[in-house]
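Undergrad: Give me a 3D structure for the following:
(2 chains)
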Amino acid sequence: MTDFVQLVVAGLATGAIYALAAVGFTLLWQASQTINFAQGEFVMLPAFFALAAMKWLGLSFSLAALLAITLAVLVLGVMFKTIIVDPLIRQGVLPLVISTIALGIFLKDGVKDLYSAEAHSFPTILPDRLIDLAGVKVSMAQLGVLAVALGTIAALSWFLAATRTGRQMQATAQNATVARILGVNVERMILYTFLINAALAAVASLLISPIYLAKFSSGETLGLAAFVAAIVGGFNQVRGAIVGGLVVGVIDNLAAAYVSTAYRQAVPLCLLVLIILFRPQGLLGRKEQRAV
Amino acid sequence: MRSPRLALAVVVLAGLLLVLAPVDLTGFGIPYPGLRRYGTYILTLWLVTAVAAMGVNLIVGYAGQETLAQAAFLGIGAYTTALMTQAGLPFAASLLVSGLVAFLVGVVLGFPALRVQRHYLAFVTLAFSVFVWLVIRNEEWLTGGVSGFANIRRPSLFGISLRPAHSFYWFALAITAVLTFAMWWLLRSPWGRAFTALRENPLRAESLGVDVRTYTLLAFAIGSAYGGFAGALYAPLVEFIDPAPFALGPSLLYLLMVVIGGAGSFVGPFIGAGIAVLLPEWLRFAEGHYLIIYAVLVMLMMAFCPTGIVGLLARLFASGPRAPAPGKPRVLEEAKT
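TA: From the prediction side, this is the model:
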């Protein structure tokens, strides 16, 4: 039983990180119909920004982490939008899909060739010490991850629901035309979405890398987890992406312990197929209307 | 290519050049020494890649879906063929079974994904290619795991061994020709034309009585079967298979090459496959960096010419020296005869 609780806590910790990536993915989809197939690489890259800052600039971890988030917002937010998405958004969906896939390959092989092909250990925010919580031993590092990830999501939810800019962003996501008529600066709101996605990916990157190591190829698994989380929760719902992320994280950890470590990565596929078969709009999603 | 006669002439000429590519023609007064062993291998690899790319083109260019698992279907075909050849079964049987298995897996995989909205197939195939890779890597009793399968025998035809590179090339060329003709026939049939309607406007096609879901599902399954056929040719070509060429990365490259060549055009996959096979050879000087260069080229291509190389060529010819209006010369020709 204590094993089970520990596994669930560990699962919630990784799940909260998946949720960060999935929320960013969902926000991008809502605001600009951009399906970002490089989302996994977006989560892989910022950890290497931090590693490079520590190695080449000799910065401390906290400074390197701040620098990584700033760089991520500039590169994966501003540059991604202006260089990749903006010229392509009018060409239809397929070219943008292809371009983000190519971007994923570019980032992955870029890190491999320019930094290293090895897996790198990564500092944790809280020390990896076991503490006793009502008879269950829980790792401090995991609790730290959970706190930071849920805190980030809570801050984002507050921003979207309670601030003027946040509500303008929601309006843009729901109906850009009406939002524009009501005087919302739609272009600016879409830019904010890209910035938020990049920042979320950076936070996810800094949190996941101590757990699974920083490696150029880790984007594949991370991306898959984020996509599955988004679909399981409901493609068009930020709340759904949070729930989806947590569900995927917990199931992933339980399957690794009780089913088979070799097939751990296959669990998202099973979950995905089950959800699509029995609840295609996702756990919290609502059905989308189609237009002729 | 508006006129069918011109198209036929081009096809015959291309076929002739392909058949003669490995032959030493210096004896006939033509200064062409023929392709060596490695050149023939690369050309055969191009054929195999083109077969798989044709399948992707049916799914992406005609049915308007995205598949991220073509390499996984190649793997299914390659391992099926390797296992069946090892059991002493004839190659023809393994080729057919490889295609059939890929087709059936395609149906099973596509059925749930295509019930929902666009892009779901992309995610399901993404997860599936990770799954296939895991199976190939973990089930050592069946696939040999990471160490792979060595010594896959090349088949023999009517008692002639296809072990030499040139013989196997001609064999692969014949199979590719048959598969190409089958695809051409499929796309020209009323059944195939429904795809075009589907791609242009799925909802309107549906209201006109096209069963969108069934057609898309069959397109995905047939496209995946082409991946299986390609895998069945790939295994005896390289004579050694391991999990690496069937992972997610290569699957992504199949999708990219089809769009680069020109999705939805018949020759697009051949051009795209040619680039994908030759680029690593051309970019030898860049050593390991060729994927980075390729990715940048793809992104540039999508920004400036999303219709691929076929679209680029069409645009170049359209804006070049003004050609006489299509249709007019033919009338003149007919008047002369």
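Undergrad: where do the strands sit along the stretch 101-250 of chain A?
TA: A:130-133, A:136-139 (DSSP state E, counting those that start in this stretch).
Undergrad: want to throw the ones you listed into TSV with mean neighbour count?
TA: Backbone N, C-alpha and C define where each C-beta goes, glycine included. Shown next, in TSV, are the strands of the stretch 101-250 of chain A (neighbours: other C-beta atoms under 10 Å in any protein chain shown):
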stretch	mean neighbour count
strand A:130-133	10
strand A:136-139	17
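Undergrad: and of these, who's closest to chain B?
TA: Of all the strands of the stretch 101-250 of chain A, it is strand A:136-139 that lies closest to chain B, at 27.5 Å by C-beta to the nearest C-beta.
Undergrad: related to what we said a few turns ago, could the strands of the stretch 101-250 of chain A be laid out in a markdown table, adding mean pLDDT and distance to residue B:229?
TA: Output for these, formatted as a markdown table (pLDDT from 0 to 100; distance: least, C-beta to C-beta, whole Å):
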| stretch | mean pLDDT | distance to residue B:229 |
| --- | --- | --- |
| strand A:130-133 | 76 | 55 |
| strand A:136-139 | 78 | 50 |
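Undergrad: between those, which gets nearest to residue B:7?
TA: strand A:136-139 (67.4 Å; C-beta to C-beta).
Undergrad: what about residue A:239, distance to residue A:251?
TA: Per C-beta to C-beta, to the nearest Å, residue A:239 is found 19 Å from residue A:251.
Undergrad: and those two? which has more neighbours close in?
TA: residue A:251 (19 against 16; other C-beta atoms under 10 Å in any protein chain shown).
Undergrad: Helix or strand for that one, just tell me which one.
TA: helix A:238-258 (DSSP states H and E).
Undergrad: What about residue B:56, how many residues nearby?
TA: 32.
Undergrad: I'd like the distance between it and chain A.
TA: Distance, residue B:56 to chain A, using C-beta to the nearest C-beta, to the nearest Å: 12 Å.
Undergrad: Repeat that for residue B:315.
TA: Residue B:315 is 14 Å from chain A, by C-beta to the nearest C-beta.
Undergrad: what sits against the residue positioned nearest the centre of chain B?
TA: Nearest to the mean C-alpha position of chain B, counting by C-alpha atoms, centre = their mean, stands residue B:53 at 2.4 Å. Going by C-beta atoms under 8 Å, 6 or more residues apart in numbering or on different chains, residue B:53 touches B:70, B:254, B:257, B:258, B:261, B:269, B:270, B:272, B:273, B:276.
Undergrad: What of residue B:76?
TA: Residue B:76 touches B:98, B:101, B:102, B:105, B:132, B:227, B:228, B:231, counting by C-beta under 8 Å, 6+ apart.
Undergrad: can we see that at 6 Å?
TA: B:101, B:102, B:228 (C-beta atoms under 6 Å, 6 or more residues apart in numbering or on different chains).
Undergrad: Pretty sure residue B:67 sits in a strand.
TA: No: assignment of residue B:67 by DSSP: H, G, I helix; E, B strand; the rest coil gives coil, placing it outside any strand.
Undergrad: that older thread, using a markdown table, lay out the contacts of residue B:76 together with distance to residue B:39 and secondary structure.
TA: As requested, the contacts of residue B:76 are arranged in a markdown table below (distance: C-beta to C-beta, whole Å; DSSP: H, G, I helix; E, B strand; the rest coil):
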| residue | distance to residue B:39 | secondary structure |
| --- | --- | --- |
| B:101 | 32 | helix |
| B:102 | 29 | helix |
| B:228 | 27 | helix |
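Undergrad: which regions of the stretch 1-150 of chain B sit below the pLDDT cut-off?
TA: For the stretch 1-150 of chain B, the stretches with pLDDT under 70 are B:1-2, B:25-26, B:29, B:31, B:34, B:117-118.
Undergrad: Report pLDDT for residue B:327.
TA: pLDDT recorded at residue B:327 is 40.
Undergrad: now the strands of the stretch 101-250 of chain A as TSV including distance to chain B?
TA: Below are these laid out as TSV (distance: least, C-beta to the nearest C-beta, whole Å):
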stretch	distance to chain B
strand A:130-133	31
strand A:136-139	28
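Undergrad: Format those as JSON lines; extra columns: distance to residue B:20.
TA: Putting the strands of the stretch 101-250 of chain A into JSON lines (distance: least, C-beta to C-beta, whole Å) gives the following:
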{"stretch": "strand A:130-133", "distance to residue B:20": "72"}
{"stretch": "strand A:136-139", "distance to residue B:20": "68"}
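Undergrad: Quick one: residues contacting the nearest residue to residue A:204 once chain neighbours are set aside.
TA: Spatial nearest neighbour of residue A:204, excluding adjacent residues (C-beta to C-beta, 6 or more residues apart in numbering or on different chains): residue A:20 at 4.0 Å. Taking C-beta under 6 Å, 6+ apart, we find residue A:20 in contact with A:149, A:200, A:203, A:204.
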